[in-house]
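Q: missing the sequence, but the structure's below:
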Ligand SMILES: Cc1cc2nc3c(=O)[nH]c(=O)nc-3n(C[C@H](O)[C@H](O)[C@H](O)COP(=O)(O)OP(=O)(O)OC[C@H]3O[C@@H](n4cnc5c(N)ncnc54)[C@H](O)[C@@H]3O)c2cc1C
């Protein structure tokens, strides 16, 4: 059987479109660096997660995520053993609840808006080095 190989060149390849990979792609693409995100699942993909996003992370994101926030908690109770109980209340939501399919996909879409390429349904299956070129092989 004849095999068909398609080769594409990028300055940076990121494996995985979770928050870390998608955010890295966002900043790279925003700075004009040709970037590809290689993701084995098809986006938006379900991800097991509690979905609680602390405000420190939310406020540091370079774009608004309100469209994917399901619920916001301004009051948090912390219990240490049976006797210690602390309660905090903040004007800003201490915890924002998100579903990872829509949250991760939003960051990826923002990276794409700056020109990052998404190859989803592509599982990284191999990596090889020769001179100054790194070749990544995927399942697709
Ligand atoms: C049960 C559970 C509950 C959690 N609850 C919370 C919470 O409430 N709040 C919180 O802040 N954190 C929580 N976390 C932690 C949070 O899920 C992780 O910190 C976060 O997902 C890490 O993001 P990441 O981008 O590094 O990796 P991931 O989100 O794991 O993304 C990795 C991506 O890489 C892809 N991938 C993997 N292998 C390949 C391959 N060979 N080729 C191509 N793609 C590949 C995967 O499909 C995936 O999309 C929880 C984790 C678990 C397990």
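A: Sure thing, it's come through. Computed from a prediction, not measured in an experiment: that's the story for all the values here.

Q: Tell me, what's the model's pLDDT at the residue lying farthest from the centre of the chain?
A: Computed with C-alpha atoms, centre = their mean, the maximum C-alpha offset from the centroid of the chain is found at residue 83, amounting to 39.0 Å. On pLDDT, residue 83 comes in at 93.

Q: in the longest helix seen in the chain, what counts as buried?
A: Taking DSSP state H as the criterion, the chain has its longest helix at helix 100-113. By neighbour count, and taking 16 or more other C-beta atoms under 10 Å as the criterion, the buried residues in helix 100-113 are 100, 101, 103, 104, 105, 106, 107, 108, 110, 111, 112. Any C-beta I mention is one placed from the backbone N, CA and C, and that applies to glycine too.

Q: got a list of what residue 100 touches?
A: Listed by C-beta atoms under 8 Å, 6 or more residues apart in numbering, the contact set of residue 100 reads 46, 47, 49, 51.

Q: Just give the nearest non-adjacent residue to the second one, would you?
A: Read that as residue 47. When the adjacent residues along the chain are set aside, residue 47 lies closest to residue 100, with 3.7 Å between them (C-beta to C-beta, 6 or more residues apart in numbering).

Q: Look up phi and psi at residue 114.
A: Here the main-chain torsion angles of residue 114 (degrees, to the nearest 10) amount to phi -90, psi 10.

Q: Look up phi and psi at the most centrally placed residue in the chain.
A: For the chain, the residue sitting closest to the mean C-alpha position, by C-alpha atoms, centre = their mean, is residue 19 at 2.3 Å. Backbone geometry at residue 19, expressed as degrees, to the nearest 10, gives phi -60, psi -40.

Q: how close does it sit to the ligand?
A: Counting by C-beta to the nearest ligand atom, to the nearest Å, the gap from residue 19 to the ligand is 5 Å.

Q: same question, residue 125
A: With distances defined as C-beta to the nearest ligand atom, the gap from residue 125 to the ligand amounts to 7 Å.
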